[in-house]
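J.: Sharing a model that was predicted from the sequence below.
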Amino acid sequence: MIGLIAFYLFSGVLIASAIAVIFARNPVHSVLWLILAFFNAAGLFLLAGAEFIAMVLIIVYVGAVAVLFLFIVMMLNIDFATLRSGFTRHLPLGLIIALVLLAELVIAISAWQAGPALSGARPVDMPQSNIVAIGELLYSRYLLPFLISSIILLVAMVGAIVLTHRGRTDRRPQNVSKQIRRRPDEAVRMTNPGSGEGVEL
């Protein structure tokens, strides 16, 4: 009973937040509604027994992708009047894409009994959780591809940092060896200016 209530709660909030993402006038609000949709989708994955996918959804999509979207939307100076001006011009293409997505949804809903997991059959009992099974498989059979992908991601991250790093010309660099070799008489100068007189630099 509690699982059924949680399912309808997560599903209702997910649908409402997805609709709010589309109809929100402020793009920052759209990203925030998208984050709420991700959290509710993660709750549905938890109810389905896929806790690994739920955690990946929160960590990757909410923690990285959605936050990146939020920063980009907040940093860009978007002229929304220009965006709205081309709405009628792209309306036919948008309607075609909407009809294709609607046909896919109808096909998916009509074939919901195709698989044993969606037909109401009892899932197979697993001796261990999904995370333990994925971890054992990932670090045993697929260890080499996992390490290769990690190295590729590390090289991509270092390459992005190197490509975007630019030396600034408006600041004075720090010379540590010159600071160490400096004598006290070069660092401090005692002056005793008279009244109304300035200090010569």
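T.: Structure received. Numbering: from 1, shown residues only.
J.: next one: stretch 175-190 to chain centre, how far?
T.: 48 Å (Cα atoms, centre = their mean, to the nearest Å).
J.: tell me the mean pLDDT for that stretch?
T.: Stretch 175-190 shows a mean pLDDT of 78.
J.: Also stretch 42-62?
T.: 84.
J.: Give me the buried positions along that stretch.
T.: Neighbour-count burial for stretch 42-62, counted by 16 or more other Cβ atoms under 10 Å, picks out 42-47, 50, 52-54, 57-58, 61-62. Every residue, glycine included, has its C-beta placed from N, CA and C.
J.: a markdown table for these, including distance to residue 18 and secondary structure?
T.: Supplementary listing: those in a markdown table, determined by distance: Cβ to Cβ, whole Å; DSSP: H, G, I helix; E, B strand; the rest coil:
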| residue | distance to residue 18 | secondary structure |
| --- | --- | --- |
| 42 | 14 | helix |
| 43 | 14 | helix |
| 44 | 12 | helix |
| 45 | 16 | helix |
| 46 | 19 | helix |
| 47 | 18 | helix |
| 50 | 20 | coil |
| 52 | 23 | helix |
| 53 | 18 | helix |
| 54 | 17 | helix |
| 57 | 14 | helix |
| 58 | 17 | helix |
| 61 | 14 | helix |
| 62 | 15 | helix |
